[in-house]
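K.L.:
okay, predicted coordinates and the sequence, questions at the end:
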Amino acid sequence: MGWGPTKEVIEKEANNYKGLGFFGKAKNLLVSFIIVKSVIHCSYLLYKGTLVIDGSTIPTSLFLGIFIYLNHRWAIAAFFIWYLGERVLLNVVGFDHTPVLSLIFVVLVTILSYQSYRVATQLKKNANAKMLNG
């Protein structure tokens, strides 16, 4: 047993998708993370006075968050790759003063992205099977 979701967890979420609440869906947890991260980041940049210079990550996150909410797998993968790249770059350059917290967030985003992607894939398979079966 690992940190990631098992096949049973993925199938259970996909099969009970309509009956789950907002926070019962992995993609909604990922979108919530994006919104909270963006609000905190925006507040920090406004406090520092560098929103114009450093504020491009907020619209990018929110833009991808819209498509993640709509279960677009490309957006889930793009956000994961972009967020991981941003965290690695900030750590390499030395701008990240809390690498342990960044590592925790990267693990969280990895797990949520993986589960969201797998559930979206399962939902697509279920929809295709339903369409073929009439």
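P.N.:
Arrived safely. Numbering: from 1, shown residues only.
K.L.:
so which strand or helix has the residue most central in space within the chain?
P.N.:
Nearest to the mean C-alpha position of the chain, by C-alpha atoms, centre = their mean, lies Leu30 at 3.8 Å. Assigned by DSSP states H and E, Leu30 falls within helix 26-48.
K.L.:
residues in contact with that helix: which ones?
P.N.:
Residues outside helix 26-48 that contact it (C-beta atoms under 8 Å, 6 or more residues apart in numbering) are 5, 13, 22-23, 51, 54-55, 57-58, 61-62, 64-65, 68-69, 71, 76, 79, 105, 108-109, 112-113, 115-116, 119-120. Where C-beta positions appear, they are placed from N, C-alpha and C, glycine not excepted.
K.L.:
now for this protein, the helix or strand with the poorest mean pLDDT.
P.N.:
None of the helices or strands of the chain scores lower by mean pLDDT, DSSP states H and E than helix 51-54, at a mean of 55.
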